[in-house]
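Novice: Fold the stuff below for me.
(one chain, ligands or ions: 2)
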Amino acid sequence: MPRIALVTCRPGPEIAVDRDLPVLVRALREAGAEADAVFWDGEQADWGGYDLAVLRSTWDYSWRAAEFLEWAERCGKVTRLANPAEVVRWNADKRYLGDLAEAGVPVVPTRYLAPGDGADGLPVDHEYVVKPTSGAGARFAARYTPDEHDTAVRQLARMHAEGFTAMVQPYVKGIDVSGERALQFYGGRLLHASRKGAVLSPGTPYDERKVAHPGLEPWTPTPAELAVAERALAAVPHASELLYARVDLVDGEDGQPRVMELELVEPNLFLSLHTGSVLRVVEAILAAAE
Ligand SMILES: Nc1ncnc2c1ncn2[C@@H]1O[C@H](COP(=O)(O)OP(=O)(O)OP(=O)(O)O)[C@@H](O)[C@H]1O
Ligand SMILES: [Mg+2]
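Specialist: Residues are numbered from 1 along each chain as shown. Ligands and ions are numbered 1, 2, ... in the order given. From the prediction side, this is the model:
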């Protein structure tokens, strides 16, 4: 009987409930595995006692990144961790978009402003987004018109004071028309896809809570979306070791899909929208545990 840990985090006021977790625990048990939901920072957890630890919903990690990455490294030494610690380390910092761009993958154009870099050169002729390089749930993300320069500078100052590196991107207008598509891969092939509406409304303060998945619905990916997603995945270091991946795409000015985010740490699978995917996830997890 394979022993599988589905790794999550402690509930808290800022933490969304992982609806995929109980579904997967139950389905793995029904398939004959021993499956536990385990807190990544739990002191009692015996990681070496599992055949496989699958990162499921460690949704507090972006504000404890150093601690989490150290844990992932330790965990990966005593059991098989999926995705592997080195993939997690690479993906935990959105500077990976620069690596993808260098590999020729179409991405949302991005500038990085680290603490100490100041706030010079914010766009003056188009709307833009400021967000952290290690974020989730649109935390600390906001959009600005050139008129709102001073507010953007205040956000940058606050982020820099808290040690965050900021990303500056053009506001991708296509998202208001065709939304954002999330293509989910599991066990090396497409699992399912979803689409959601735009998250950032004009004038919403960066520190306000956002609705993370407005209007989420199932989506059939286009050939162009599949092609970009596959190119992005091929550019991931240790790509052959991925158990799962989510590629988020938006349409650029040319109408072609661009990578907004590549989520290789703890993707929400939205299984309640895609109930037919549960067994395929279970099969891929069991195969990885062998
Ligand atoms: N350049 C952009 N143009 C338009 N909208 C953007 C842009 N960047 C971010 N957004 C909006 O903000 C949301 C959150 O941004 P992003 O996905 O990069 O960060 P995140 O915090 O990692 O999100 P999550 O983990 O919840 O997907 C996106 O889903 C999108 O709606
Ligand atoms: Mg996102």
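
Novice: contacts, neighbours, all on C-alpha from now
Specialist: Will do.

Novice: Show me what counts as buried in stretch 175-189.
Specialist: Buried residues in stretch 175-189, counting neighbours by 16 or more other Cα atoms under 10 Å, are found at 175, 179-187.

Novice: Which residues does it contact?
Specialist: Contacts of stretch 175-189 from elsewhere in the structure, counted by Cα atoms under 8 Å, 6 or more residues apart in numbering, are 190-198, 219, 221, 226, 229, 242-251, 269, 280-281, 284-285.

Novice: try 6 Å this time
Specialist: 190-198, 243-250, 284 (Cα atoms under 6 Å, 6 or more residues apart in numbering).

Novice: And for stretch 142-160?
Specialist: Under Cα under 6 Å, 6+ apart, the answer for stretch 142-160 is 115, 124, 127-130, 206.

Novice: try it again with 7 Å
Specialist: Identification of contacts with stretch 142-160 by Cα atoms under 7 Å, 6 or more residues apart in numbering yields 114-115, 119, 123-131, 166, 171, 200, 202, 204-206.

Novice: Please indicate which of those are buried?
Specialist: Here the buried ones among the contacts of stretch 142-160, as counted with 16+ other Cα under 10 Å, turn out to be 114-115, 119, 123, 127-131, 166, 171, 200, 205-206.

Novice: so which of those residues comes closest to ligand 1?
Specialist: Closest approach between the buried ones among the contacts of stretch 142-160 and ligand 1, by Cα to the nearest ligand atom: residue 171, at 3.6 Å.

Novice: Next, the closest residue to the closest one other than its chain neighbours: phi, psi?
Specialist: Excluding the flanking residues, the one nearest residue 171 by Cα to Cα, 6 or more residues apart in numbering is residue 128, at 4.4 Å. Residue 128 adopts backbone torsions of phi -150, psi 170, taken as degrees, to the nearest 10.

Novice: Let's see the pLDDT reported for residue 62.
Specialist: Listed pLDDT for residue 62 reads 89.

Novice: Would you map the helices across the stretch 151-290 of the chain?
Specialist: Ranges of helices in the stretch 151-290 of the chain, per DSSP state H, counting those that start in this stretch, are 175-178, 223-234, 278-289.

Novice: Minimum distance to ligand 1: which of these has it?
Specialist: Comparing the helices of the stretch 151-290 of the chain under Cα to the nearest ligand atom, the one sitting nearest is helix 175-178, at 6.1 Å.

Novice: Using CSV, write out the CA atom coordinates for that closest one.
Specialist: Output of helix 175-178 as CSV, limited to C-alpha atoms (Å, rounded to 0.1, in the frame of the first residue of the first chain):
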residue,chain,number,x,y,z
ILE,A,175,-7.6,40.0,-20.1
ASP,A,176,-10.8,42.2,-20.0
VAL,A,177,-11.9,40.6,-23.3
SER,A,178,-10.8,37.0,-23.3
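
Novice: May I see the helices of the stretch 151-290 of the chain organised as TSV, with distance to ligand 1 and mean pLDDT added?
Specialist: Output for the helices of the stretch 151-290 of the chain, formatted as TSV (distance: least, Cα to the nearest ligand atom, whole Å; pLDDT from 0 to 100):
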stretch	distance to ligand 1	mean pLDDT
helix 175-178	6	97
helix 223-234	15	98
helix 278-289	20	98
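
Novice: I'd like those helices laid out as a markdown table, including distance to residue 101.
Specialist: Listed next are the helices of the stretch 151-290 of the chain as a markdown table, based on distance: least, Cα to Cα, whole Å:
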| stretch | distance to residue 101 |
| --- | --- |
| helix 175-178 | 20 |
| helix 223-234 | 9 |
| helix 278-289 | 30 |
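
Novice: Please identify which of those helices is closest to residue 50.
Specialist: helix 278-289 (9.0 Å; Cα to Cα).

Novice: buried residues in the closest one?
Specialist: For helix 278-289, by 16+ other Cα under 10 Å, it's 278, 281-286, 288-289.

Novice: Quick one: neighbours of the residue lying closest to residue 123 once chain neighbours are set aside, just the number.
Specialist: For residue 123, the nearest residue in space outside its immediate sequence neighbours is residue 146; the separation is 6.5 Å by Cα to Cα, 6+ apart. For residue 146, the tally of surrounding residues (other Cα atoms under 10 Å) stands at 14.

Novice: how close does residue 146 get to residue 251?
Specialist: The spacing between residue 146 and residue 251, counted by Cα to Cα, to the nearest Å, is 22 Å.

Novice: Would you mind writing the CA trace of stretch 228-237 as CSV?
Specialist: C-alpha atoms of stretch 228-237 as CSV (Å, rounded to 0.1, in the frame of the first residue of the first chain):
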residue,chain,number,x,y,z
VAL,A,228,2.7,28.1,-25.7
ALA,A,229,2.0,26.0,-22.6
GLU,A,230,4.1,23.2,-23.9
ARG,A,231,7.0,25.5,-24.8
ALA,A,232,6.9,27.0,-21.3
LEU,A,233,7.0,23.5,-19.7
ALA,A,234,9.8,22.4,-21.9
ALA,A,235,11.8,25.4,-20.6
VAL,A,236,11.5,24.5,-16.9
PRO,A,237,14.7,23.2,-15.3
